[in-house]
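[1] Everything below, folded, please.
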Amino acid sequence: SMKILFEKSGNPLSSTAIKNEIDHFGKSYAPTVHDVIRRSKSRLTKDIFFKNVAQLMVNFKMTRRGLFKGIKYLGDTVEDPNDQIDACWSIIGRDAIRLRKFLSQQNVSHRNRTLVEIPASARDEVILDLWMMFKRLLSVCMSDWSYGLVAASKVLFAVLPEVAQPIDNAQWKRLFKTVDYGEIISRMADEIVAWEKCTGQPLDACDPSDEFTLPAIYNVMAMKARP
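    Numbering: from 1, shown residues only. Below is the predicted model:
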């Protein structure tokens, strides 16, 4: 299942290849992801939740149709015309804040490395929490034309960018081949650990901006690995 940071042969991708991919990845991706990482750094509040979800959904082009249609993020102001972000907040807000607090209490060298530096027992707890929140989000992100998987994963990444992963349609179906969000987070953590062991380098050293969390870097490579 190591297919994002490794070649088909089993060799790890070089840090240069990963750095180049991050460099070339969407001009708007980096600033938006930097914003959501920065904004949620010291804490998570309802206001931060709304801003992060709105900014990310607009940037990831999730607001053109579907349940998130019409959401705007302009000059630090959120427009949520159909109360869709509000519905997400109502269903996971309290748990997201609790998990954010738990993560900030972990002894890690840098928040960006949280996913691989927290103890295994804590990581299991985090993965279970994410999976439970993900399942609850599906109930407000599901519609006639969508199972809500993509939107739910992006909401979680917007507010918990140090541990969550945004996953698009092609990735669910053809790359990860599972709808178990917890399993994908677990595989991501395992693959990052394996890559770092093989190369002797921290994955975050491949990020020229020094601002991406490990899942943000992994997401860039997962977008590249889509069939």
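[2] Just name the shakiest helix or strand of the protein by mean pLDDT.
    helix 169-170 (a mean of 88; mean pLDDT, DSSP states H and E).
[3] Check which helices and strands it is in contact with.
    Applying 3 or more Cβ pairs under 8 Å, 6 or more residues apart in numbering; DSSP states H and E, we find helix 169-170 packed against no helix or strand. Where C-beta positions appear, they are placed from N, C-alpha and C, glycine not excepted.
[4] contact partners of it?
    149, 150, 226, 227 (Cβ atoms under 8 Å, 6 or more residues apart in numbering).
[5] Is it possible to get CSV of those that adds secondary structure and pLDDT?
    CSV is the format used below for the contacts of helix 169-170 (DSSP: H, G, I helix; E, B strand; the rest coil; pLDDT from 0 to 100):
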residue, secondary structure, pLDDT
149, helix, 96
150, helix, 96
226, coil, 84
227, coil, 76
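[6] sorry, back to before: could you give the separation of the least confident helix or strand of the chain from the chain centroid?
    In this view, helix 169-170 has its centroid 15 Å away from the chain centroid, taken as Cα atoms, centre = their mean, to the nearest Å.
[7] Would you mind identifying the next helix or strand past it?
    helix 181-199 (DSSP states H and E).
[8] so where's this structure uncertain?
    The chain contains residues with pLDDT under 70 at 1-2.
[9] Residue 176: what's it in contact with?
    167, 184, 187.
[10] Between those, identify the one with the most neighbours.
    Highest neighbour count within the contacts of residue 176, by other Cβ atoms under 10 Å: residue 184, with 26 neighbours.
[11] all helices for this structure, in order.
    For the chain, the helices defined by DSSP state H cover 15-24, 29-39, 46-59, 84-104, 114-117, 120-141, 149-159, 169-170, 181-199, 214-225.
[12] Just say which of the ones you listed is most tucked in.
    Stretch with highest mean neighbour count among these: helix 149-159 (a mean of 26; mean count of other Cβ atoms under 10 Å).
[13] Look up how far residue 162 lies from the residue lying closest to residue 43 once chain neighbours are set aside.
    The shortest distance from residue 43 to any non-neighbouring residue, by Cβ to Cβ, 6 or more residues apart in numbering, is to residue 100 (6.8 Å). With distances taken as Cβ to Cβ, to the nearest Å, residue 100 is found 9 Å from residue 162.
[14] how about residue 60, what does it touch?
    Contacts of residue 60 (Cβ under 8 Å, 6+ apart): 154, 166.
[15] now stretch 116-133, how far from the centre of its chain.
    So, by Cα atoms, centre = their mean, the centroid of stretch 116-133 is 14 Å from its chain's centroid.
[16] actually stretch 179-191, sorry about that
    12 Å.
[17] Same check on stretch 56-68?
    Distance, centroid of stretch 56-68 to centroid of chain: 16 Å (Cα atoms, centre = their mean).
[18] Stretch 187-205 too?
    17 Å.
[19] who touches that stretch?
    1-2, 4-6, 12-15, 18, 110, 112-113, 115-116, 123, 165, 176, 210, 212-215, 217-218.
[20] repeat that for 6 Å
    Residues outside stretch 187-205 that contact it (Cβ atoms under 6 Å, 6 or more residues apart in numbering) are 1-2, 4-5, 12, 15, 112, 115-116, 165, 214, 217-218.
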